[in-house]
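J.: sequence below, structure please.
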Amino acid sequence: TAALTSADGTVHATVDAAITSNDTAISTAATTAATAAAETTLMTGTGFASVSALLAAYNTASASVSAVSATLTTSADTVNGTAANDTITGTGLTYTTGDIIVDASSVDSDVMNVTATDDIAAVPTVAGIEAINFNLDAITTAGTATSFEVDTNGITSGTITFDVTKASSTVTGVTATNVADGVTVASDLTLTSVAGEANANITVNATGTGAQTITSISGTTDDVTVVGSGTALTITQLTAEENTTITNAGGVTITDMTAATDTASIISLTVNAGGAILVTDTDNTGSMSLTTSTGNITVTDSDQSTTGVFTTSNGNIILTDVADLATSVTATATGDGVDATAGADGDITLSDTSAAEAVTATATGAIVVTASEAAGTLTLSAGQASTIANTVSDVQTLNLSATQGMDGGTAAVTFTAADGDDGTNGAADGLVELDNINFTGSNSVTLLMSLDNFDDAEADTSNSTTAAAVIATDTMTGGTSRIEFNVTAEIGRAS
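T.: Down below sits the predicted model:
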């Protein structure tokens, strides 16, 4: 019996049982040793002695974190946020320059609420707080009496929202200075002044539901994004040096844009609106793109110098002065296309596109092209009778089509080109440099022009035409194309 007893005192009934037990013990010891060696290799460089120690540390780190709820004092406070949704509360007296309020998490929703009874000049360090709310509980302020003035220097991220909570307050505007790169400023008050830091990309949210004004967005900022929520948004000054993007639920009016430094290759204006767009003055160069779902687009004075794109889905387009757009002008206006009915027809009036090399206008209504002396290519598609002034004098290629039959019917849409001044190299010659007339589309089109101008165009070789000629091409899929000549002008000239 003693021979069948293991070292641990276990007595085995048979020799086979004793052998099996010994084999199992040897295998278990080998497995344990191999596991320990593998664990040692795995944990090398981790700072943990074992997998169980690593798991315990992970469980501790991933356990639910309690959010910080901090109240600022008049002393220099330090608030370290957590991965939870922290809350910081202060006043105009406890929000002080010595405070440090930081949060390393970018996926939580921290909120800081500061209630003030006057303007705020303190500049603590605030980083990683997603929502910063400044509320004015006062009748007026010591600075500009009707404006709540806050220096946002030191706030490096998040959305800063300004409000007036005093029911009888006379404060109707907000002034935010030193707005940093990546910061959003928001208010339903008049945004009297938003001053960005140098080279900052900032966002301004005009959250009012009615008509709201942004009096000034200033500074040598790079990109400025404006997001409106109201029926009408008016911007009276904006100095961004690169891309300006404006979106509003309703209409947009811009009365002055003058960049601190104006570089045509990097500066642009883009507007997307749900109402009429009016631009009365922009001194910037670069490109312009104006789009609205409903309402007219009107530009009375613009120095934008590269490309212009204008689109309304329910209105007219009136470009009084876009004379500096040297690359191209593209305008698309959709309306009811019937002159006898109320509402916008979808007319396009191009009063001055004199520098554009290419002009394209697509309208359900009428098109009027007045001053377009540089356009080598003129592409017009209209649904009502349209006119081309004799100051459209450098066109070599004229592309014509009709968006519909005349006034929604089946009659041909007529494009009437005014008779020139009998010159061949001036600003009011008419279509004397024509080389190609292209008719496209599926609705009937008529070009009515001066026979004298057509004769001059046939003889003209100023555009390196190999042979004196005007070539008319019809690739229409329906309707008819016609060229008619106005001989009355020639009779009048002869008499």
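J.: now do the same for N486: its pLDDT.
T.: Here the pLDDT value assigned to N486 is 84.
J.: what's the answer for S495, then?
T.: At S495, pLDDT is 43.
J.: what of I26?
T.: Looking at I26, its pLDDT reads 71.
J.: so it: helix, strand or coil?
T.: helix (DSSP: H, G, I helix; E, B strand; the rest coil).
J.: swap in the one 5 residues further on?
T.: Here T31 is helix, with the state taken from three-state DSSP.
J.: do L54 as well
T.: helix.
J.: N22 - that's part of a helix, no?
T.: Yes: counting by three-state DSSP, one finds N22 located in a helix.
J.: what's the spacing between the residue nearest to it when sequence neighbours are not counted and T20?
T.: Among residues not flanking N22 along the chain, S6 sits closest, at 7.3 Å (Cβ to Cβ, 6 or more residues apart in numbering). Placement of C-beta: from N, CA and C, glycine included. Taking Cβ to Cβ, to the nearest Å as the measure, S6 and T20 are separated by 11 Å.
J.: next, count neighbours for the residue nearest to N22.
T.: When neighbours are counted by other Cβ atoms under 10 Å, S6 registers 13.
J.: repeat that for N133.
T.: Neighbour tally, N133, other Cβ under 10 Å: 15.
J.: do T32 as well
T.: Number of residues near T32 (other Cβ under 10 Å) recorded here: 10.
J.: try L189
T.: Count around L189 with other Cβ under 10 Å applied: 21.
J.: same question for F454.
T.: 21.
J.: what mean pLDDT does the one helix or strand it maps to get?
T.: If you go by DSSP states H and E, F454 is part of helix 451-459. For helix 451-459, mean pLDDT is 87.
J.: how about stretch 238-248?
T.: 96.
J.: alpha carbons of it, as CSV, please.
T.: This file holds the C-alpha atoms of stretch 238-248, laid out as CSV (Å, rounded to 0.1, in the frame of the first residue of the first chain):
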residue,chain,number,x,y,z
LEU,A,238,-17.6,91.8,-41.8
THR,A,239,-13.8,91.8,-42.1
ALA,A,240,-12.9,88.1,-42.6
GLU,A,241,-9.8,87.6,-44.7
GLU,A,242,-10.6,84.2,-46.2
ASN,A,243,-13.9,82.3,-46.5
THR,A,244,-17.2,83.8,-45.3
THR,A,245,-20.2,81.4,-45.2
ILE,A,246,-23.6,82.6,-44.2
THR,A,247,-26.7,80.5,-43.7
ASN,A,248,-30.1,81.7,-42.6
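J.: contact partners of it?
T.: 206, 214, 216-230, 232-233, 235, 252, 254, 256-263, 266-275 (Cβ atoms under 8 Å, 6 or more residues apart in numbering).
J.: mind doing that once more with 7 Å?
T.: 217-228, 233, 252, 257-261, 266-274 (Cβ atoms under 7 Å, 6 or more residues apart in numbering).
J.: now the buried members of those.
T.: 217-219, 221-228, 233, 252, 257, 259, 267-274 (16 or more other Cβ atoms under 10 Å).
J.: what ranges do the helices span in the stretch 351-495 of the chain?
T.: Taking DSSP state H, counting those that start in this stretch as the test, the helices found in the stretch 351-495 of the chain are 451-459, 488-494.
J.: in stretch 349-367, what counts as buried?
T.: 349-356, 358-367.
J.: just the endpoints, please. Distance across that stretch?
T.: 6 Å (Cα to Cα, to the nearest Å).
J.: then stretch 156-168?
T.: One end of stretch 156-168 to the other measures 33 Å (Cα to Cα).
J.: report all helices and strands that the helix or strand that contains L290 contacts.
T.: In this assignment (DSSP H and E), L290 forms part of strand 287-292. Secondary-structure packing of strand 287-292 (3 or more Cβ pairs under 7 Å, 6 or more residues apart in numbering; DSSP states H and E): strand 268-273, strand 307-312.
J.: run the angle between the first one and strand 287-292 for me.
T.: Relative orientation of strand 268-273 versus strand 287-292 (axes from the mean of the first three to the mean of the last three Cα atoms, to 10 degrees): 0 degrees.
J.: go ahead and flag the most central residue of the protein.
T.: T245 (3.5 Å; Cα atoms, centre = their mean).
J.: surely that one is in a strand?
T.: Yes: per three-state DSSP, T245 lies within a strand segment.
J.: going forward, count from 40.
T.: Yep, numbering from 40; the last one is T284 now.
J.: distance-wise, check it relative to T242.
T.: Distance from T284 to T242, by Cβ to Cβ: 9 Å.
J.: just list whatever residues bridge to A372.
T.: Here A372 sits in beta bridges with T351, A402, going by DSSP bridges.
J.: for it, what are its contacts?
T.: A372 neighbours (Cβ under 7 Å, 6+ apart): 351, 354-356, 385-387, 402-404.
J.: so L389 touches L358, yeah?
T.: Yes: with contact defined as Cβ atoms under 7 Å, L389 and L358 form a contacting pair (5.3 Å).
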